[in-house]
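**Q** this is a predicted model, with the sequence first.
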Amino acid sequence: MSSSLSPYSPPSATFSSTSYLTIPRRKPINDCLDAMKSSSPPCKKVSKDIIFDAAFEEADAVYRNWMSKYPSALTSFEQITNYAKDKKIALFMDYDGTLSPIVDNPDLAFMSSAMRTAVKHVAKYFPTAIISGRSRDKVYEFVGLKELYYVGSHGLDLVGPVKYSESIATNHNCISPTDELVSTANLFQTAREFLPMIDEVFRSLIEKTKDIKGSKIENNKFCLSVHYRLVDENSWTVIAQCVHDILKNYPRLEQTYGMKVLEIRPIINWNKGDAVEFMLESLGLNDRGAMLPIYIGDDRTDEDAFKVLRESNRGYGILVSSVPKETYAHFSLKDPSEVMVFLRSLVRWKKSQIAVYRSS
């Protein structure tokens, strides 16, 4: 990352019909199944007898080589904070696989109490948001901290703990929340017109998959998640066929892929990267010379945010992964435990900065 940031013209927060994408053709069912398999590689179990096998050593060498391109954010921490000395850090994080481990049952993806404390402390010093594919209500249920901003449905549903600027609050896409999560917040819902359609598809999927053992359909309000982590691989074709058949009647919805999950989303030119830009603008944090956005995530959808930060040369992306992946991120962390160490390190660094300032 260069020492100076390029000029930035934030996008308008107004959502218009131009944000709709050209409706793509549906992929053949075999292509869908191939995508499911490629995005959900099986866990490789290495026995003690072959732990030093040549294949294992080769994989380890590949990972070390990958780390040379995407170094650990822990070993590069001084580089990150040196760049951040005269800037204000804004922190954005995914939830599943970043703040909590990936688990078989998505309803049990609880973060540890130690991680919750780390997130609470980091939010005390930096504007902090969690951006997830889940509904924001579900993420709030898992996290339970009112100090944060919560963004659900891959950026389509946003709520925060402070009032936005008057220009944003009066925008027709921002409405007062009816929930009691954060009484001072405004809510940005750019895809409200899709809600009836999403509910229809949700009910259809529940009915069509009710006999598929291990399947779970999660309604994330503005998108749906079809979990097949607990489904026998021989039944993946059935899952893919169900989704494919239902979506034939909904050309304004698209199917995307995650780790053992099919996601159904509105065809809108809006993603996690757009959500990051929107939040920076709406919270008055879009001064490129004064801000350093950091985004931490593990999933394919987080790449949209990494890409925004890299291509605009305005912040750092940190990929959470224990295996090599193509990414737009700048740095890496292996797992949620390393994410927690990174968050604690940020807090210690900030406290030291405050102590130096007070003593000067």
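**A** Here it is on my side, so go on. Numbering: from 1, shown residues only.

**Q** ranges for the helices of the stretch 201-350 of the chain?
**A** Secondary structure of the stretch 201-350 of the chain (DSSP state H, counting those that start in this stretch): helices at 236-247, 272-282, 303-311, 336-359.

**Q** just name the most buried of these.
**A** Among those, ranked by average contacts under mean count of other CB atoms under 10 Å, first place goes to helix 272-282 (a mean of 24). For the C-beta atoms, the positions are set from N, CA and C on the backbone; glycine is no exception.

**Q** so what does that one touch, helix or strand wise?
**A** The helices and strands touching helix 272-282, judged by 3 or more CB pairs under 8 Å, 6 or more residues apart in numbering; DSSP states H and E, are strand 88-93, strand 128-131, strand 149-152, strand 157-159, strand 291-297, helix 303-311.

**Q** name all residues that make contact with Cys214.
**A** Wrong residue type there; residue 214 is Gly, not Cys. 228-232, 235 (CB atoms under 8 Å, 6 or more residues apart in numbering).

**Q** quick one: closest of the helices of the stretch 201-350 of the chain to Phe142.
**A** Closest to Phe142 of those, according to CB to CB: helix 336-359, at 12.8 Å.

**Q** what's the angle from the closest one to strand 88-93?
**A** 160 degrees (axes from the mean of the first three to the mean of the last three CA atoms, to 10 degrees).

**Q** and for helix 336-359, what are the contacting residues?
**A** 72-74, 77, 81, 85, 89, 91, 93, 97-101, 111-112, 114-115, 118-119, 121-122, 124-126, 296, 318, 320, 333.

**Q** ok, stretch 70-79 next?
**A** 80, 316, 318-319, 327, 329-334, 338, 341-342, 345, 349.

**Q** tell me which two of the residues you listed sit farthest apart.
**A** Thr327 and Trp349 (24.6 Å).

**Q** so what's the residue nearest to Ser153 when sequence neighbours are not counted up against?
**A** Of all residues beyond its chain neighbours, the one nearest Ser153 is Phe222 (3.5 Å), with distances taken as CB to CB, 6 or more residues apart in numbering. Phe222 is in contact with 135, 152-154, 156-157, 189, 191, 194-195, 198, 265-266, counting by CB under 8 Å, 6+ apart.

**Q** run the last query once more with 10 Å
**A** 133, 135-136, 152-157, 189-192, 194-195, 198, 265-266, 268, 270 (CB atoms under 10 Å, 6 or more residues apart in numbering).

**Q** quick one on the thing from earlier: and Lys260, which of the helices of the stretch 201-350 of the chain is closest to it?
**A** It is, among the helices of the stretch 201-350 of the chain and with distance given as CB to CB, helix 236-247, at 9.5 Å.

**Q** helix or strand: which one has Thr117?
**A** Secondary structure assignment for Thr117, by DSSP states H and E: helix 113-125.

**Q** tell me what angle that helix forms with helix 336-359.
**A** Going by the same axes, to 10 degrees, helix 113-125 makes 30 degrees with helix 336-359.

**Q** contacts for helix 113-125?
**A** Contacts for helix 113-125 (CB under 10 Å, 6+ apart): 88-89, 91, 93, 98-101, 110-112, 128-130, 142-149, 161, 336-337, 339-351, 353-354.

**Q** circling back to that earlier point, can you flag the buried ones in the contacts of Gly214?
**A** Neighbour counting by 16 or more other CB atoms under 10 Å classes 228-229, 231, 235 among the contacts of Gly214 as buried.

**Q** what is the most widely separated pair among those residues?
**A** Arg229 and Ser235 (12.2 Å).

**Q** just for the stretch 151-300 of the chain, where's the confidence low?
**A** Where the stretch 151-300 of the chain drops to pLDDT under 70, the residues are 159-190.

**Q** what segments of it are strands?
**A** Applying DSSP state E, counting those that start in this stretch to the stretch 151-300 of the chain gives strands spanning 157-159, 174-175, 187-189, 216-219, 224-227, 253-258, 261-266, 291-297.

**Q** centre of the chain to the host helix or strand of Met67, how far?
**A** Per DSSP H and E: Met67 is located in helix 54-69. Distance of helix 54-69 from its chain centroid, counting by CA atoms, centre = their mean, to the nearest Å, is 26 Å.

**Q** please save the CA atoms from it in CSV.
**A** Extracted in CSV, the C-alpha atoms of helix 54-69 (Å, rounded to 0.1, in the frame of the first residue of the first chain):
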residue,chain,number,x,y,z
ALA,A,54,5.9,-35.8,0.9
ALA,A,55,2.5,-34.7,-0.2
PHE,A,56,1.9,-33.0,3.2
GLU,A,57,5.3,-31.3,3.0
GLU,A,58,4.5,-30.1,-0.5
ALA,A,59,1.2,-28.6,0.7
ASP,A,60,3.0,-27.0,3.6
ALA,A,61,5.5,-25.5,1.2
VAL,A,62,2.6,-24.2,-1.0
TYR,A,63,1.1,-22.5,2.0
ARG,A,64,4.4,-20.9,3.1
ASN,A,65,4.8,-19.6,-0.5
TRP,A,66,1.2,-18.2,-0.3
MET,A,67,2.0,-16.5,3.0
SER,A,68,4.9,-14.7,1.4
LYS,A,69,2.4,-12.9,-0.8
